[in-house]
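Visitor: Have a look at this prediction, sequence included:
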Amino acid sequence: DGGITQSPKYLFRKEGQNVTLSCEQNLNHDAMYWYRQDPGQGLRLIYYSQIVNDFQKGDIAEGYSVSREKKESFPLTVTSAQKNPTAFYLCASSAGVVSPLHFGNGTRLTVT
Amino acid sequence: GQQVMQIPQYQHVQEGEDFTTYCNSSTTLSNIQWYKQRPGGHPVFLIQLVKSGEVKKQKRLTFQFGEAKKNSSLHITATQTTDVGTYFCAGYSGAGSYQLTFGKGTKLSVIP
């Protein structure tokens, strides 16, 4: 079955540590995205990538970094500079830049 | 920047009643997409509307795109407990923007 795999499902970190969230897709999609979801806030775009080795900042990129070295993979690093990192993180992919998004199951990050 | 407002934020209905959620954009949209997120789950794509005044139906769900392409609605007829979840609209403004902006969602509860 084709899809998007995010791991782990739950992640706990101490304040001041960087943490990397994994996202892998086998849908052969060109575009990939990272969204952050907080209660009552909807989905806010962190970074997106339309093609390998290229990515753009979304609305809330500060404190985050990404890489796109392979078409299938788009890892997100939450750095210690992110002031409020505790959230539900969703990775998505799409066949094209205005095509529907396919989401992974998400990673719930808790930083204490 | 582009803003997408969605109302109401919450809706509680008795099973069998109808439900409508409304989406309004601050800018003209090139297309609009609707997603459903079940409790504890991830958003799942429902439909995409592209044309001005477009109406699409999926069983008990009716989706409309406004004539000015700045608003949209989702109407569910005779709700069932399986309809429970949060419904999000999301739009592209076009004009070189590849960011899909999400509304904050409408959380639907269905009382059996």
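Guide: That came in fine, so what should we check first? What you see is a predicted model, and the numbers here were worked out from it, not measured in a lab. Residues are numbered from 1 along each chain as shown, chains lettered A, B, ... in the order given.
Visitor: Where does pLDDT dip in chain A?
Guide: Applying pLDDT under 70 to chain A picks out residues A:1-2.
Visitor: Just give me the residue closest to the centre of it.
Guide: A:Trp34 (3.0 Å; CA atoms, centre = their mean).
Visitor: what about the nearest residue to that residue once chain neighbours are set aside, which SS state?
Guide: With sequence-adjacent residues excluded and distances taken as CB to CB, 6 or more residues apart in numbering or on different chains, A:Trp34 is closest to A:Ile46, at 4.3 Å. For the C-beta atoms, the positions are set from N, CA and C on the backbone; glycine is no exception. Assigned by DSSP: H, G, I helix; E, B strand; the rest coil, the conformation of A:Ile46 is strand.
Visitor: what's A:Ile46 in contact with, if anything?
Guide: A:34-36, A:58-61, A:64, A:66, A:76, A:89 (CB atoms under 8 Å, 6 or more residues apart in numbering or on different chains).
Visitor: got those as CSV, with secondary structure and distance to B:Cys23 columns?
Guide: Formatted as CSV, the contacts of A:Ile46 follow (DSSP: H, G, I helix; E, B strand; the rest coil; distance: CB to CB, whole Å):
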residue, secondary structure, distance to B:Cys23
A:Trp34, strand, 23
A:Tyr35, strand, 18
A:Arg36, strand, 21
A:Gly58, coil, 20
A:Asp59, coil, 18
A:Ile60, coil, 21
A:Ala61, coil, 25
A:Tyr64, strand, 27
A:Val66, strand, 29
A:Leu76, strand, 28
A:Tyr89, strand, 24
